[in-house]
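*Asks:* Structural data only, the sequence is not supplied:
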Ligand code: PA5
């Protein structure tokens, strides 16, 4: 079942060309990029380009077994039973996927899944005040935690875990603390692996051939999400279905959403000179999905002085801050809208006899109707008047299955897009520069 579609209707010239592609006609201007993306597809499926040792995510959804899900669910159930708070320690790819999925589903979850622990994140920054507050809160709260670090050596989560482990051992004693900690890390190397083995923590493995930003469908995302009450079986089912559709040796350009998205953004970048892709939404539940997407695309494409800069905004909130620039400032952007067709809840705007606020023109209308008109009006203003190509990713539902599809779609399109611009989408050499300086300044 398809739960989203790409709407190129506001995509200006690029959108028109992509609409033709969907119809089965390939405009000549797109032929060189078509070739590049078809080669990129081959690279992903056959492992024939730099980064091929990090392609474990390509078939990952298909390889997730029921038994492995059951094992994660059983441990998660144990944690759910004994925690009011679940602390999730990690940064970058070891944190953003979990938060993206959880925040997208949270309102439904809070209603449907009473009794789920509150998830609190740690190790994703170095704020002393935040950490102090967290430790204080945990003094009087029953909690469990998981620490996630593929390398097992990243400073932020390692420092947070040192503090939390000490807190937990003091609060519960070493023996019980061991039962309240799960470590997710490399199968053999890294300080976290050594520590976890020494302490006998339950440990899940981040596969060698899956990089951090592609790891949400490994235990990195699946375990914390299961503790939070997310239906990980449906999440994986969505990813599996999308994986089946996108991983074909021959791209069917009329249907391959990943190739279409990669082609569209690469055309705008390399031919029209757009430098920034702005991911926007009209629902705050998508905030962290955009954060996850920014890391995925930023770390995958931003190298060798190349790449679209991934940025994001939440509308209509940011129409009152960034809206002016998007409409009228430098023409840097393409805009991609995460758009939700359906709304589960019902809120109708009441009529008011005095109409002092002048809002009776929307009386009797649902809030989602007003939001949809704001979205349509924005797409029109930004594209037709502002000259910003706007692509809409239209979701028909927001649930675990839909997010699973979306995650895999973005991952696959990112692999295609990165290879099409001749970079290795699976390394991140630039991340080391700040660490080197920080370690020198700290006297490591
Ligand atoms: O995508 C990546 O590889 C990075 O963003 C990592 O996920 C991030 O740096 C955290 O690394 P680690 O899981 O090794 O602590």
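*Replies:* Looks like it arrived, so ask away. Treat the numbers as computed from the prediction; the structure is a model and nothing was measured.

*Asks:* Kindly confirm my reading that residue 313 forms part of a strand.
*Replies:* Yes. Per DSSP: H, G, I helix; E, B strand; the rest coil, residue 313 lies within a strand segment.

*Asks:* which residues sit in contact with the nearest residue to residue 400 once chain neighbours are set aside?
*Replies:* Closest residue to residue 400 apart from its sequence neighbours, by Cβ to Cβ, 6 or more residues apart in numbering: residue 234 at 3.8 Å. Every C-beta, even on glycine, is put in place using the N, C-alpha and C of the backbone. Applying Cβ atoms under 8 Å, 6 or more residues apart in numbering, we find residue 234 in contact with 399, 400, 401, 404.

*Asks:* And residue 123, by the same measure?
*Replies:* So residue 123 contacts 89, 90, 91, 95, 147, 156, 157, 158, 159, 160, 161 (Cβ under 8 Å, 6+ apart).

*Asks:* hey, what's the fifth one bridged with?
*Replies:* Taking DSSP bridges as the rule, residue 147 bridges to residue 89, residue 183.

*Asks:* Check what pLDDT it gets.
*Replies:* Here the pLDDT value assigned to residue 147 is 98.

*Asks:* What sits closest to residue 209 if chain neighbours are left out?
*Replies:* In space, residue 209 is closest to residue 56, 3.2 Å off (Cβ to Cβ, 6+ apart).

*Asks:* For the ligand, see how far away the most centrally placed residue in the chain is.
*Replies:* Against the mean C-alpha coordinate of the chain, by Cα atoms, centre = their mean, the closest residue is residue 292 at 3.1 Å. Applying Cβ to the nearest ligand atom, to the nearest Å, the value for residue 292 to the ligand is 11 Å.

*Asks:* what's the closest non-adjacent residue to that residue?
*Replies:* residue 100 (3.7 Å).

*Asks:* circling back: for the residue nearest to residue 400, give me phi and psi.
*Replies:* phi -70, psi -40 (degrees, to the nearest 10).

*Asks:* same thing with residue 4?
*Replies:* The phi/psi pair for residue 4 (degrees, to the nearest 10) is phi -150, psi 160.

*Asks:* repeat for residue 390
*Replies:* Residue torsions, per degrees, to the nearest 10, at residue 390 are phi -120, psi 130.

*Asks:* cool, and the one 3 residues further on?
*Replies:* Summarising the backbone geometry of residue 393 under the convention degrees, to the nearest 10, its torsions are phi -100, psi 100.

*Asks:* ok, it touching residue 340?
*Replies:* No. Contact criterion Cβ atoms under 8 Å: residue 393 and residue 340 do not qualify, at 9.8 Å.

*Asks:* So which residues on the stretch 201-350 of the chain come close to the ligand?
*Replies:* Counting by Cβ under 6 Å from any ligand atom, the positions of the stretch 201-350 of the chain adjacent to the ligand are 211, 212, 213, 299.

*Asks:* Take those and write them to TSV, including secondary structure.
*Replies:* TSV is the format used below for these (three-state DSSP):
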residue	secondary structure
211	coil
212	helix
213	helix
299	helix
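
*Asks:* and which of those is nearest residue 260?
*Replies:* residue 213 (21.9 Å; Cβ to Cβ).

*Asks:* Is residue 339 bridged to anything, and to what?
*Replies:* Residues in beta-bridge contact with residue 339 (DSSP bridges): residue 394.

*Asks:* how many neighbours does it have?
*Replies:* 22 (other Cβ atoms under 10 Å).

*Asks:* ok so, going back, more crowded one of residue 393 and residue 340?
*Replies:* residue 340 (23 against 20).

*Asks:* sorry, back to before: distance of the residue nearest to residue 209 from residue 340?
*Replies:* 31 Å (Cβ to Cβ, to the nearest Å).

*Asks:* Nearest to the ligand within the stretch 151-300 of the chain, name that residue for me.
*Replies:* residue 212 (2.2 Å; Cβ to the nearest ligand atom).

*Asks:* Keep only the contacts of residue 123 that also lie close to the ligand.
*Replies:* Applying Cβ under 6 Å from any ligand atom to the contacts of residue 123, those adjacent to the ligand are 91, 157.

*Asks:* Looking at the contacts of residue 123, which one is closest to residue 75?
*Replies:* residue 147 (14.4 Å).

*Asks:* Tell me which residues touch that closest one, please.
*Replies:* 89, 90, 123, 157, 161, 164, 181, 182, 183, 184, 185, 192.

*Asks:* Quick check, residue 271 in contact with residue 27.
*Replies:* No. Judged on Cβ under 8 Å, residue 271 makes no contact with residue 27 at a distance of 11.4 Å.

*Asks:* Leaving out the residues flanking it, which one is nearest to the residue of the stretch 301-444 of the chain at minimum distance from the ligand?
*Replies:* Going by Cβ to the nearest ligand atom, the ligand is nearest to residue 428 of the stretch 301-444 of the chain, at 5.6 Å. Distances taken as Cβ to Cβ, 6+ apart place residue 299 nearest to residue 428, at 4.7 Å, with adjacent residues excluded.

*Asks:* list the contacts for that neighbour?
*Replies:* 92, 213, 428, 431.

*Asks:* what bits of the stretch 201-350 of the chain have low per-residue confidence?
*Replies:* The stretch 201-350 of the chain contains no residues with pLDDT under 70.

*Asks:* Run through the helices of it in chain order.
*Replies:* Here the stretch 201-350 of the chain has its helices, by DSSP state H, counting those that start in this stretch, at 219-228, 232-246, 257-270, 287-301, 323-328.

*Asks:* which of those is buried the deepest?
*Replies:* helix 219-228 (a mean of 27; mean count of other Cβ atoms under 10 Å).

*Asks:* which strands and helices sit next to that helix?
*Replies:* Contacts defined by 3 or more Cβ pairs under 8 Å, 6 or more residues apart in numbering; DSSP states H and E place helix 219-228 against helix 66-81, strand 85-89, helix 96-112, strand 118-122, strand 143-149, strand 181-185, strand 202-205, helix 232-246.
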